[in-house]
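Peer 1: need a structure here:
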Amino acid sequence: MRTFRDAGDLATWRDYSTRRDNMKTKLFSIMLALLAVLAVGCGDSNDDVAVVNPGTPGTGGGGSTTTFVRLAHLVPGGANYDIYVNNQLTLNNLTYGQFTDYLALPTNARIRVTVSGNQNVTLLNRTLASQASTYQTLTLTGVPSDIVSNLYTDDVTPDQGVATVRLVNASSGNNSVSLTEDDGSLVVGSVDFPNATNYVQVTPAVYDLQIRDLQDMVLLELPDVEFVAGTNYSVYVAGQDSSNTLGVVVAVDSTTQGVNNGVVVTQ
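Peer 2: Take a look at the predicted model:
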């Protein structure tokens, strides 16, 4: 019923077993063998654009015309993608489930997504129009023939002693979803596509979680999810229930390089 995928130190998940990593800088590690899903970091990025630890949150680290953006490939069945910023190849070979590190970009940067290795096949064009010195995630969602992009503002400032979590509905095929515990207790939600909830505080612990629809039907189960104190999390729901491509990515909202060794759960 469930498939678990682990980025495994910038690698794809290949085994069909579940394990939890005990390192506090990681979310989880669960390995399996269906899709290549969560690789992390910027991959092969252009050194003039990619930024590691791009300034202390709240200090305006990048200047009055700079924003910080990471990209997330959440298109089930989509090709690997190349990302151009202002017509300059910046990231290449983004795979399904991959979150990049934050990039320091102009607030009005033009983003172009192409099929990897073929800049003549443009899948998406977008101008950011972002506020300066903010941290945001640009998601690529939808279906391979119709990619949709959405921009979400991230909270990268840790709240010591507690964990925070929000739910992002990046699933164009589901009107409303909620994040609950396995006994039905609401964690956060519900939220319609393409919106995100506010962050809510949760007690640092290991949870058995579920994604539920508006009729309170369980769409996906997420066992052994650890929320660590002083860490902010975003739970992204992507894909479509009707085509059995629904998936969940739990991402750490942090400027630390390569932090998103997370979990993808699919149907």
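Peer 1: how about L219, what does it touch?
Peer 2: Applying CB atoms under 8 Å, 6 or more residues apart in numbering, we find L219 in contact with 174, 177, 210-213, 241, 246, 267. For the C-beta atoms, the positions are set from N, CA and C on the backbone; glycine is no exception.
Peer 1: can you lay out those as CSV showing distance to V200, neighbour count and secondary structure?
Peer 2: Converted to CSV, the contacts of L219 look like this (distance: CB to CB, whole Å; neighbours: other CB atoms under 10 Å; DSSP: H, G, I helix; E, B strand; the rest coil):
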residue, distance to V200, neighbour count, secondary structure
N174, 20, 21, coil
V177, 15, 26, strand
Q210, 16, 23, strand
I211, 16, 26, strand
R212, 16, 20, strand
D213, 20, 15, strand
D241, 24, 18, helix
L246, 23, 22, coil
Q267, 26, 16, coil
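Peer 1: want to throw those residues into TSV with pLDDT and distance to Q88?
Peer 2: Below are the contacts of L219 laid out as TSV (pLDDT from 0 to 100; distance: CB to CB, whole Å):
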residue	pLDDT	distance to Q88
N174	71	35
V177	95	36
Q210	96	42
I211	95	37
R212	95	42
D213	92	41
D241	80	38
L246	90	35
Q267	56	38
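Peer 1: and the helices in the stretch 1-150 of the chain?
Peer 2: Using DSSP state H, counting those that start in this stretch, the stretch 1-150 of the chain contains no helices.
Peer 1: so where's the stretch 51-200 of the chain uncertain?
Peer 2: Applying pLDDT under 70 to the stretch 51-200 of the chain picks out residues 51-63.
Peer 1: redo the contacts of L219 as JSON lines? Include distance to G258.
Peer 2: Converted to JSON lines, those look like this (distance: CB to CB, whole Å):
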{"residue": "N174", "distance to G258": "30"}
{"residue": "V177", "distance to G258": "28"}
{"residue": "Q210", "distance to G258": "29"}
{"residue": "I211", "distance to G258": "26"}
{"residue": "R212", "distance to G258": "32"}
{"residue": "D213", "distance to G258": "33"}
{"residue": "D241", "distance to G258": "31"}
{"residue": "L246", "distance to G258": "27"}
{"residue": "Q267", "distance to G258": "28"}
